[in-house]
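In: this one's sequence-less:
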Ligand code: SAH
């Protein structure tokens, strides 16, 4: 059988894998063992499955493939942020980032190849959306970035954010399945509390998250609390305006008992005035939330500029004075285009390190 005709073994559920073994005339228990190798021990090679005998490994190789993602290149930023391009089995490239801090090690992962939302300030927004990532491609990014945390910093991975390429809520089923592999005891066993899915605001899917009773955290890329301004920078706002997104978030918070995070990039002369802060305050008051004010990371097109730091601090202080939890987040990894919104598979030959 050629590789193309073979089934990706990681697309099978535990039940299906057990069934495949029973059909072969083997014990269902073997299926369980292989499943453990795949998801708990992150094996990407059948020969690594040391408690599976050679005959069975050969049978597995004959029938199945493991379409793992591969590190294409790896860059280390001056501030310790590590970014990599990951090559997918069909040739596409996505990016993932490790953001080290004193108290945490955060993996930033992609959910789609490219993005369909065309947010005006985001580098990924200039790429076409080519396809959704599969649950195992999402899982693989976490496994690889987790490895860097240990290898470079001797620390375990503590947090995961879906803030790489793509809109996670437009790849809903696969993102949830990927998170299931990352959190379940049969998988990596990480805590859902340490996972944040970031969305540009797909109201229907935010409600679905609540109905599905998800345990992870949700962030909204808000960036303007005024429909006219938000329409200008995020076309998704035309079909999912602030009222619709606000209502979906209220529903989410009510049902899950969670607080959401608003991400708000401060752009020079656009959304950082006192009037803007007042609008953000009004929007934030109706929803249990905290606000992260983010520095704009240049994407090279010169359309936007980052806001003045003093203005950002005043903006944040205004929210705080009025009872909203607000923090300024300075960006990381800018020198290697690893910061938020800079992921667009731009190749940087300098600072390139081989795996
Ligand atoms: N589609 C999802 C996840 C990807 S974006 C979403 O929109 O939330 C992850 C975060 O990076 C978002 O808050 C996004 O608005 C922010 N971002 C995009 N471009 C940026 C830029 N140039 N500078 C700073 N943050 C940016």
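Out: Cool, the structure landed. Just so you know, these numbers come straight off a predicted model, no measurement behind them.
In: all contacts plus neighbour counts: C-alpha atoms, from now on.
Out: Will do.
In: dihedrals phi and psi, residue 98?
Out: phi -110, psi 130 (degrees, to the nearest 10).
In: from what I can see it touches residue 79, true?
Out: No. In this structure, residue 98 is not within contact of residue 79 by C-alpha atoms under 8 Å, at 11.1 Å.
In: get me the contact residues on this structure for the ligand.
Out: 121-122, 163-167, 198-200, 220-221, 263, 265, 295-299, 340-342 (C-alpha under 6 Å from any ligand atom).
In: just the buried ones from these?
Out: 121-122, 163-167, 198-200, 220-221, 263, 265, 295-299, 340-342 (16 or more other C-alpha atoms under 10 Å).
In: and residue 222, what does it touch?
Out: 200-201, 230, 262-264 (C-alpha atoms under 8 Å, 6 or more residues apart in numbering).
In: kindly indicate which of these lies nearest the ligand.
Out: The ligand has its nearest neighbour among these in residue 200, at 3.7 Å by C-alpha to the nearest ligand atom.
In: pLDDT at that closest one, what is it?
Out: pLDDT recorded at residue 200 is 98.
In: for the spatially closest residue to it that is not a sequence neighbour, give the beta-bridge partners.
Out: Closest residue to residue 200 in three dimensions, ignoring its sequence neighbours and counting by C-alpha to C-alpha, 6 or more residues apart in numbering: residue 221, at 4.9 Å. In this entry, residue 221 is beta-bridged to residue 263, by DSSP bridges.
In: just the pLDDT for residue 221.
Out: So, for residue 221, pLDDT stands at 98.
In: how about residue 350?
Out: pLDDT at residue 350 comes out at 32.
In: can you list the weak-confidence ranges in the stretch 1-150 of the chain?
Out: Along the stretch 1-150 of the chain, segments meeting pLDDT under 70 span 1.
In: looking at it, what residue ends up closest to the ligand?
Out: residue 122 (3.6 Å).
In: does that residue count as helix, strand or coil?
Out: Of the three states, residue 122 takes coil under DSSP: H, G, I helix; E, B strand; the rest coil.
In: equivalent analysis for residue 119, please.
Out: Relying on three-state DSSP, one would call residue 119 coil.
In: that one reaches residue 233, doesn't it?
Out: Yes. Counting by C-alpha under 8 Å, residue 233 is a contact partner of residue 119 at 5.8 Å.
In: among the two, which residue is more densely surrounded?
Out: Between residue 119 and residue 233, counted using other C-alpha atoms under 10 Å, residue 119 has the larger neighbour count: 21 against 16.
In: for that one, give me phi and psi.
Out: Taking degrees, to the nearest 10 as the convention, residue 119 sits at phi -60, psi 130.
In: Provide a list of residues in contact with it.
Out: 125, 233-236.
In: how close does residue 171 sit to residue 186?
Out: Distance, residue 171 to residue 186, by C-alpha to C-alpha, to the nearest Å: 23 Å.
In: swap that for residue 252, sorry
Out: 28 Å.
In: when the two are compared, which one has more neighbours?
Out: The neighbour count for residue 252 versus residue 186, taken as other C-alpha under 10 Å, is higher for residue 252 (26 against 16).
In: A strand includes the more buried one, no?
Out: No. According to three-state DSSP, the state of residue 252 is helix, so it is not within a strand.
In: next, count neighbours for the nearest residue to residue 19 once chain neighbours are set aside.
Out: Leaving aside its sequence neighbours, residue 19 sits nearest to residue 28 (C-alpha to C-alpha, 6+ apart; 6.6 Å). With neighbours defined by other C-alpha under 10 Å, the count for residue 28 comes to 19.
In: do residue 227 as well
Out: 15.
In: how much space separates it from residue 273?
Out: Counting by C-alpha to C-alpha, the gap from residue 227 to residue 273 is 16 Å.
In: likewise residue 121?
Out: In terms of C-alpha to C-alpha, residue 121 sits 19 Å off from residue 273.
In: quick one, what contacts residue 33?
Out: By C-alpha under 8 Å, 6+ apart, the residues touching residue 33 are residue 52.
In: at 10 Å instead, please
Out: Each residue near residue 33 by C-alpha atoms under 10 Å, 6 or more residues apart in numbering is listed here: 14, 17-18, 49, 51-52.
In: same question, residue 142
Out: Shown in contact with residue 142 (C-alpha under 10 Å, 6+ apart): 96-98, 106-110, 136, 148, 157, 159-160, 178-179, 182, 188.
In: spell out the secondary structure type for residue 280.
Out: Residue 280 - assigned by three-state DSSP - is helix.
In: in stretch 152-169, what's buried?
Out: 155, 157-169.
In: please disregard the earlier target; I meant stretch 200-208.
Out: Here stretch 200-208 shows 200-203, 205-208 as buried, counting by 16+ other C-alpha under 10 Å.
In: can you put these in CSV and add distance to residue 24?
Out: Converted to CSV, these look like this (distance: C-alpha to C-alpha, whole Å):
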residue, distance to residue 24
200, 47
201, 47
202, 45
203, 46
205, 41
206, 43
207, 43
208, 39
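In: out of the residues you listed, which are inside helices?
Out: Of the positions in those, 203, 205-208 sit in helices, assigned by DSSP state H.
In: for residue 172, give me its contacts.
Out: Going by C-alpha under 10 Å, 6+ apart, residue 172 touches 111, 132, 178, 205, 208-209.
In: got CSV for these, with distance to residue 84 too?
Out: What follows is the contacts of residue 172, written out as CSV (distance: C-alpha to C-alpha, whole Å):
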residue, distance to residue 84
111, 15
132, 19
178, 19
205, 29
208, 32
209, 29
